[in-house]
Structure formats: C-alpha cells, structure tokens
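Asks: only geometry, no sequence info:
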C-alpha cells in the first residue's frame, strides 16, 4: 500500500507540500453525505461546482475546496490547495455517528494523523515525519498499525512517512486515494465558506 502512495507523490510531487485527506465511514445509514458536508461547512450547505482541470482549481479559488469520493460505504474528502486548518472540534463533530480518519500537512509542516469516532477525537499523532519530534495522544492501540508502518521506514524517508499515513487510512477505513482524476477534464468540487473554515 505504501508503494501506491509513493507512486502518487512521484507523479504529483506537489502533494508532498500540502494535502488533507479525510475519510468518514458512517456507523449507520442515517448519516448522509449531505449531512456530512453541512457539518464540514459549519452548519451551512456548501457550494457544489463543476471545475475544469481539477489539479489547477484550488489555485483559482480563495476558499477551501474539497473533492468528494464515495466508495464501499465511506466518503473521502480531499483538499490540496490551501492547507487550511479544520479545528479539532469540527473534526469531532464530523465524526458524530461515524468513524473518521484524517491526515494533513502543508508547506510549513503540521504532519498530523487523527482518528475520531462518535463525536470525540480518540487518538492523534503530530510531526510524524520526524522520529525524534513525533507526539501522540489518546488510545495508543488506535495508531499501533501506523507506528508499525513508520518503524519499517528509515528515519529520513519523509516521502515514505507521508505515504504511510495515507496507507494507514486506506487499511483502516477501506478507501483508497487515487490520483488519476487529477488529470480529468472536470470534477465536482465542494467549496466551503462556513464558520468552521480557518
């Protein structure tokens, strides 16, 4: 799995500078994707827009722009333009009635992997690309698989550590981030403007 994400980074090198990947798996059928997007946008319906050349779209928009993926009973939200921060309480709210995994980083750092469920953040690790600076909190068993992946990588394999975060989410949530759509002529984007956007 790590090799899949290494290949993604080699094809789209700029993803190593900024990326946010959130996967939400509902615990029951009551939670809809519209509910999730409403929560993500701070209690407002976000704008849906078909954008040409998805890879270029975030640079043309001054608000956070997500692309939505649906597969096997899970939703993936992918953002790679601004590296904006979703506060922990917004992520916790997204996990109401669901399980949520999120990884993010931006050009100034912020390498984070987080797991939330039923409205609470259960575990997180920050600065995971640097062995000596990595910090964790929460239930240690939740991130055991991720720590195992990191332990199998060299301390300066920064690309591998980023790839491991995405691989861990795929292994845990069952949703793979694919890159081919970045070369598509168009894709539907979710554009946020609510109060949870920082």
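Replies: Great, that's in hand. Please read all numbers here as calculations on a predicted model, not as lab measurements. Numbers count the residues shown, from 1 in each chain.
Asks: residue 147: neighbour count?
Replies: Around residue 147 sit 16 other residues, with neighbours defined as other C-beta atoms under 10 Å. In this view, the C-beta of every residue, glycine as well, is placed from N, C-alpha and C.
Asks: what do you get for residue 48?
Replies: Residue 48 sits with 11 neighbouring residues when counted by other C-beta under 10 Å.
Asks: and it, what element?
Replies: If you go by DSSP states H and E, residue 48 is part of strand 47-52.
Asks: what packs against that strand?
Replies: Other helices and strands packing on strand 47-52, by 3 or more C-beta pairs under 8 Å, 6 or more residues apart in numbering; DSSP states H and E, are strand 186-191.
Asks: how about 10 Å then?
Replies: strand 65-71, strand 186-191 (3 or more C-beta pairs under 10 Å, 6 or more residues apart in numbering; DSSP states H and E).
Asks: of the ones you listed, which approaches residue 174 most closely?
Replies: strand 65-71 (8.1 Å; C-beta to C-beta).
Asks: just after the closest one, pick out the following helix or strand.
Replies: Next along the chain from strand 65-71, counting by DSSP H and E, comes strand 74-79.
Asks: could you check the angle strand 186-191 makes with that following strand?
Replies: On the basis of axes from the mean of the first three to the mean of the last three C-alpha atoms, to 10 degrees, strand 74-79 is oriented at 80 degrees to strand 186-191.
Asks: can you show me the strands along this structure?
Replies: Ranges of strands in the chain, per DSSP state E, are 19-26, 47-52, 65-71, 74-79, 98-106, 109-117, 120-126, 135-138, 186-191.
Asks: could the ones you listed be laid out in a markdown table, adding distance to residue 171 and mean pLDDT?
Replies: As requested, these are exported to a markdown table (distance: least, C-beta to C-beta, whole Å; pLDDT from 0 to 100):
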| stretch | distance to residue 171 | mean pLDDT |
| --- | --- | --- |
| strand 19-26 | 11 | 95 |
| strand 47-52 | 30 | 87 |
| strand 65-71 | 15 | 88 |
| strand 74-79 | 13 | 92 |
| strand 98-106 | 10 | 94 |
| strand 109-117 | 12 | 93 |
| strand 120-126 | 15 | 96 |
| strand 135-138 | 18 | 93 |
| strand 186-191 | 25 | 87 |
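Asks: could you dump those strands into TSV with distance to residue 153 added?
Replies: What follows is the strands of the chain, written out as TSV (distance: least, C-beta to C-beta, whole Å):
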stretch	distance to residue 153
strand 19-26	18
strand 47-52	35
strand 65-71	26
strand 74-79	23
strand 98-106	15
strand 109-117	13
strand 120-126	14
strand 135-138	17
strand 186-191	32
